[in-house]
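Visitor: Task: produce atomic coordinates for the following.
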Amino acid sequence: MRAYSSRPLVVFAAALSLGLAGCASGGGGGSARPEGATSNRIVKAEFEGLGQISPLRAIERLRPRWLTTRGGDSPVLMIDGTRRSSMRDLESFQLADIDRMEYMSASDATTRFGTGFSGGAIMVFTIR
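Guide: As a prediction, the model looks like this:
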């Protein structure tokens with residue numbers, strides 16, 4: 001009968017427990033976001049301290065990934081459920097008029113709205 005070495009098993013168990021402990025204690029490790037804010041949602045509380053900038057500039061500062069083109073297609077802007085022609089339409093709004101903004105992936109936007117959303121969608125919800 002062959003002798004079995006437990007050293008590789010001990011090393012594996014130690015590495016696994018260290019990895020799990022690191023994941024459990026981190027809590028995300030990033031900057032703290034206000035309640036309701038996610039990587040795909042900007043809430044009104046995040047606008048504080050940005051000054052008098054347009055909502056487009058706020059997206060550039062807070063979630064620049066939303067504006068990156070995917071395969072040459074930019075995201076489609078939807079304001080209160082209405083499709084807009086350009087992201088520049090956000091320049092005509094004040095941050096004080098915006099309740100929240102959400103990013104929707106290309107597949108989710110296509111499922112919800114139909115074709116023409118290969119760059120995803122940025123949905124803006126104003127205060128009514």
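Visitor: for this structure, which spans come out with low pLDDT?
Guide: When the per-residue scores of the chain are filtered using pLDDT under 70, the ranges that remain are 1-6, 8-31, 70.
Visitor: Recalculate using a threshold of 90.
Guide: Regions of the chain meeting the criterion pLDDT under 90 cover residues 1-34, 48-49, 51, 68-74, 128.
Visitor: Just the helices from it, written as ranges.
Guide: Shown for the chain, the helices assigned by DSSP state H span residues 7-26, 55-62, 106-113.
Visitor: Convert the last one to CSV, retaining C-alpha atoms only.
Guide: What that stands for is helix 106-113. Extracted C-alpha coordinates of helix 106-113, given in CSV (Å, rounded to 0.1, in the frame of the first residue of the first chain):
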residue,chain,number,x,y,z
ALA,A,106,-27.6,46.0,-24.6
SER,A,107,-29.4,42.7,-24.1
ASP,A,108,-31.7,44.0,-21.4
ALA,A,109,-32.5,47.1,-23.4
THR,A,110,-33.2,45.1,-26.5
THR,A,111,-35.5,42.7,-24.5
ARG,A,112,-37.4,45.6,-23.0
PHE,A,113,-37.6,48.1,-25.9
